[in-house]
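Novice: please find the sequence and the predicted model below.
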Amino acid sequence: MGDFDYIIIGAGSAGCVLANRLSADPANRVCVIEGGGSERAPNVHVPAGILSLYGNAKYDYAYIGTPQPELNNRRIPVNRGKALGGSSTINSMVFIRGASSDYDEWRDLGCTGWAWDDVLPVFKDLESNQLNQSPDWHGFKGEVFVDTPRDPNPLDASFIAAGRAVGLHENRDFNGGTQEGLGIYNVTQKNGLRWSSYRAFLHPVRDRENLTILSGTETTRVILEGKRAVGVEVRDDQGLRVLRARREVILSAGAIGSPSLLMRSGIGPAAMLKSAGVEVAHDLAGVGQNLRDHIDGMITVRSKSTKTLGLSLANLPAMIAAPFKFLFARKGMLSTNYVEAGGFARTKYAGTDPDIQFHFVPGYRSHRGRLVEYGHGYAVHTCVLRPKSVGEIRLGRDGQAEIDHRFFTDPQDAKTLVEGIKVARSIFADPAFDDVRGREMLPGAQVQSDEEILAYLRAEALTVYHPVGTCKMGTDPLAVVDPSSLKVNGIENLRVADASIMPTLIGGNTNVPSMMIGERCARMVLTG
């Protein structure tokens, strides 16, 4: 039981792909270790169940960041998946790959082999597109089912039509030739149900004799012999034990988990490790550095219209019918992922590519921070696509991650998000919203000048949960892994494969790019 060829830490977006590919050869004995547990509950698979997952200790690590000086010293929630499937089990299921220029930038930063022309074929291999979209951009034989929401809210069409106010066309494929425009997002769903990385890659092969899946198991550290990884120490309900890896240990614990595990194992910036009380095994300056995430501001509007999603007496018939509509037709209120529509736009600061992304919610988002609020309305989230502010993850003396985003430390991010809020307001001001128009609760009609909008963002801005970069690949002094192999620099038989290896943050949602990274890593391992 205790000896394997490959040990994979994390059954998330990348880890499930790795476990599938490496265990396809029956000669390879593979173990994948997941800190979270089962994802079989209905609220995980029914799209609208997402509201019950964020902050739920069963499914969400629910980290809290360090105080952010540029955000009124607020501590920002960092939701990360804690179940088989990782964050793909609690996310909004939006299928976005990013712009081609994102990956070409990786190449230009020294990551040879990661340009758009290199990764597009991998994306296509993974995809099972159900929409007959262009084969130039999409694949049809992979494991990742890609569809549209089954029963989009009528207000989504109003949002798309309102794009004319700012010169945005309708975009029917954000993963095609251009991201710019507004439209209905593609989603990772199969038959109207969430299609996580676990469901796509690990669940179908869970009975392979050479594959061991350990859920509810915490990995405490990587076991090193000199500069060589030989196994991991884990903790479960039976206590601490050691699992040995004959060939390799691969970290796929995400942008928070992977650098934290390296540092707990004595791999990281020496001064930081010493301050955390960890014996230094290998001084590697870049571990935990280069943290990047999408910072987000919201506009939320109260409306009396029952065209919008909401909990109310007037909407009681639809609420009663919802379970039956979903059970028999995969339609109704339970079919929504809440961010069915959205898109990409350019502020006055943008270059060739969009610099902001919208996630439109055809229901009321609480102005008090609640997940569920009585009444009706609509909202839009606007995020800075390619933020310049760079944070870090440190290790506390308790062995836990200290997440310091350093949001708005580069003033350009604040300027871009202020402009993004203004663009979003212009969309909401279009006559397409006249029949549902209501009171803007946040920021509020009294917030108009750039200074007032910035003050609002300092008080309310959050993230859309896309942390990356903390074990980045590259060739500079802060590179943690080699781009050609994803091996940890200076350590034998240890790789990292997840969003933490991204040198920069892609322009979009990070779930599917993480799967691509898992696939690339598997091919590297299998080809030597």
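Specialist: Perfect, thanks for sending it.
Novice: need the three-state assignment for residue 457.
Specialist: Assigned with DSSP: H, G, I helix; E, B strand; the rest coil, residue 457 falls in the helix class.
Novice: what segments of the stretch 51-200 of the chain are strands?
Specialist: When assigned using DSSP state E, counting those that start in this stretch, the strands of the stretch 51-200 of the chain occupy the ranges 63-64, 77-78, 127-129, 144-146, 181-184, 189-190, 193-194.
Novice: quick check: next helix or strand after the longest strand along the chain?
Specialist: Among the elements of the chain assigned as strand by DSSP state E, the one spanning the most residues is strand 239-251. Scanning forward in sequence from strand 239-251 by DSSP states H and E, the next helix or strand is helix 254-264.
Novice: mind giving me the packing neighbours of that next one?
Specialist: When contacts are defined as 3 or more CB pairs under 8 Å, 6 or more residues apart in numbering; DSSP states H and E, helix 254-264 sits against strand 3-9, strand 218-225, strand 239-251, strand 392-395, strand 401-404. Yep, even glycine has a C-beta here, placed from its N, CA and C like the rest.
Novice: quick one, it and strand 218-225 angle?
Specialist: Using axes from the mean of the first three to the mean of the last three CA atoms, to 10 degrees, the interaxial angle of helix 254-264 with respect to strand 218-225 works out to 50 degrees.
Novice: just the CA atoms of helix 254-264, as PDB, please.
Specialist: Output in PDB follows, covering the C-alpha atoms of helix 254-264 (Å, rounded to 0.1, in the frame of the first residue of the first chain):
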ATOM      1  CA  GLY A 254      -3.000  24.700  -6.600                       C
ATOM      2  CA  ALA A 255      -1.600  28.200  -6.300                       C
ATOM      3  CA  ILE A 256      -2.100  28.200  -2.500                       C
ATOM      4  CA  GLY A 257      -1.400  24.500  -1.700                       C
ATOM      5  CA  SER A 258       1.600  23.700  -3.800                       C
ATOM      6  CA  PRO A 259       3.900  26.500  -2.600                       C
ATOM      7  CA  SER A 260       2.700  26.000   1.000                       C
ATOM      8  CA  LEU A 261       3.600  22.300   0.700                       C
ATOM      9  CA  LEU A 262       7.100  23.100  -0.800                       C
ATOM     10  CA  MET A 263       7.800  25.500   2.100                       C
ATOM     11  CA  ARG A 264       6.600  23.100   4.800                       C
END
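Novice: list the residues that contact the residue nearest to residue 361 when sequence neighbours are not counted.
Specialist: Computed as CB to CB, 6 or more residues apart in numbering, the closest residue to residue 361 that is not its neighbour in sequence is residue 379, at 4.4 Å. For residue 379, the contacting residues are 298, 299, 300, 301, 360, 361, 363, 364, 365, taking CB atoms under 8 Å, 6 or more residues apart in numbering as the criterion.
Novice: any chance of those residues in TSV, with secondary structure too?
Specialist: TSV is the format used below for the contacts of residue 379 (three-state DSSP):
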residue	secondary structure
298	strand
299	strand
300	strand
301	strand
360	strand
361	strand
363	strand
364	coil
365	coil
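Novice: which of those residues sits closest to residue 89?
Specialist: Checking the contacts of residue 379 against residue 89 with CB to CB, the nearest one is residue 361 at 20.6 Å.
Novice: okay, that closest one: pLDDT?
Specialist: With respect to pLDDT, residue 361 has a value of 97.
Novice: how many neighbours does it have?
Specialist: Here the count is done by other CB atoms under 10 Å, and residue 361 has 27 residues near it.
Novice: just the helices in the stretch 1-150 of the chain please.
Specialist: Listed from the start of the chain, the stretch 1-150 of the chain has helices (DSSP state H, counting those that start in this stretch) covering 15-23, 42-45, 100-108, 116-126.
Novice: low-scoring pLDDT stretches of this protein, where are they?
Specialist: 1-2 (pLDDT under 70).
Novice: per-domain residue ranges of it.
Specialist: According to the domain assignment given by automatic domain parsing, the chain is divided into the following structural domains: 1-63+78-143+196-286+468-528, 150-184+295-384+408-460.
Novice: go through these and name the closest to residue 401.
Specialist: Among the domains of the chain, domain 1-63+78-143+196-286+468-528 comes nearest to residue 401, with 4.4 Å by CB to CB.
Novice: can you give the distance of the closest one from its chain's centre?
Specialist: Chain-centre distance of domain 1-63+78-143+196-286+468-528: 12 Å, with CA atoms, centre = their mean, to the nearest Å.
Novice: dump the strands of the stretch 51-200 of the chain to JSON lines, plus mean neighbour count and distance to residue 205.
Specialist: Converted to JSON lines, the strands of the stretch 51-200 of the chain look like this (neighbours: other CB atoms under 10 Å; distance: least, CB to CB, whole Å):
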{"stretch": "strand 63-64", "mean neighbour count": "15", "distance to residue 205": "30"}
{"stretch": "strand 77-78", "mean neighbour count": "18", "distance to residue 205": "31"}
{"stretch": "strand 127-129", "mean neighbour count": "22", "distance to residue 205": "16"}
{"stretch": "strand 144-146", "mean neighbour count": "23", "distance to residue 205": "15"}
{"stretch": "strand 181-184", "mean neighbour count": "22", "distance to residue 205": "32"}
{"stretch": "strand 189-190", "mean neighbour count": "20", "distance to residue 205": "16"}
{"stretch": "strand 193-194", "mean neighbour count": "22", "distance to residue 205": "19"}
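Novice: export the ones you listed as JSON lines, with columns for distance to residue 437.
Specialist: As requested, the strands of the stretch 51-200 of the chain are arranged in JSON lines below (distance: least, CB to CB, whole Å):
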{"stretch": "strand 63-64", "distance to residue 437": "36"}
{"stretch": "strand 77-78", "distance to residue 437": "31"}
{"stretch": "strand 127-129", "distance to residue 437": "37"}
{"stretch": "strand 144-146", "distance to residue 437": "34"}
{"stretch": "strand 181-184", "distance to residue 437": "19"}
{"stretch": "strand 189-190", "distance to residue 437": "31"}
{"stretch": "strand 193-194", "distance to residue 437": "33"}
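Novice: quick one: closest of those to residue 323.
Specialist: Of all the strands of the stretch 51-200 of the chain, it is strand 193-194 that lies closest to residue 323, at 14.3 Å by CB to CB.
Novice: need the residues that contact that closest one.
Specialist: Where contact means CB under 8 Å, 6+ apart, the residues beyond strand 193-194 that reach it are 44, 45, 46, 47, 89, 93, 188, 330.
Novice: state the distance from residue 175 to residue 522.
Specialist: With distances taken as CB to CB, to the nearest Å, residue 175 is found 22 Å from residue 522.
Novice: could you do residue 325 as well?
Specialist: As defined by CB to CB, residue 325 lies at a distance of 40 Å from residue 522.
Novice: same check on residue 438?
Specialist: Looking at residue 438 against residue 522, where the rule is CB to CB, the gap reads 50 Å.
Novice: could you identify which of the helices of the stretch 1-150 of the chain is most buried?
Specialist: helix 15-23 (a mean of 28; mean count of other CB atoms under 10 Å).
Novice: buried stuff in stretch 429-443?
Specialist: By neighbour count, with 16 or more other CB atoms under 10 Å as the criterion, the buried positions of stretch 429-443 are 430, 432, 433, 436, 438, 440, 441, 442, 443.
Novice: next step: the residues you listed restricted to strands.
Specialist: Those of the buried residues of stretch 429-443 lying in strands (DSSP E): 440, 441, 442.
Novice: looking at residue 325 and residue 522, which one has more neighbours?
Specialist: A count of neighbours by other CB under 10 Å puts residue 522 above the other of residue 325 and residue 522, at 22 against 18.
Novice: I'd assumed residue 17 was in contact with that one.
Specialist: Yes: between residue 522 and residue 17 there is a contact at 6.4 Å, judged by CB atoms under 8 Å.
Novice: surely residue 302 is in contact with residue 364?
Specialist: Yes: counting by CB under 8 Å, a contact exists between residue 302 and residue 364, whose distance comes to 6.4 Å.
Novice: still on that earlier bit, distance to residue 69 added to the domains of the chain, as a markdown table?
Specialist: Listed next are the domains of the chain as a markdown table, based on distance: least, CB to CB, whole Å:
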| stretch | distance to residue 69 |
| --- | --- |
| domain 1-63+78-143+196-286+468-528 | 17 |
| domain 150-184+295-384+408-460 | 8 |
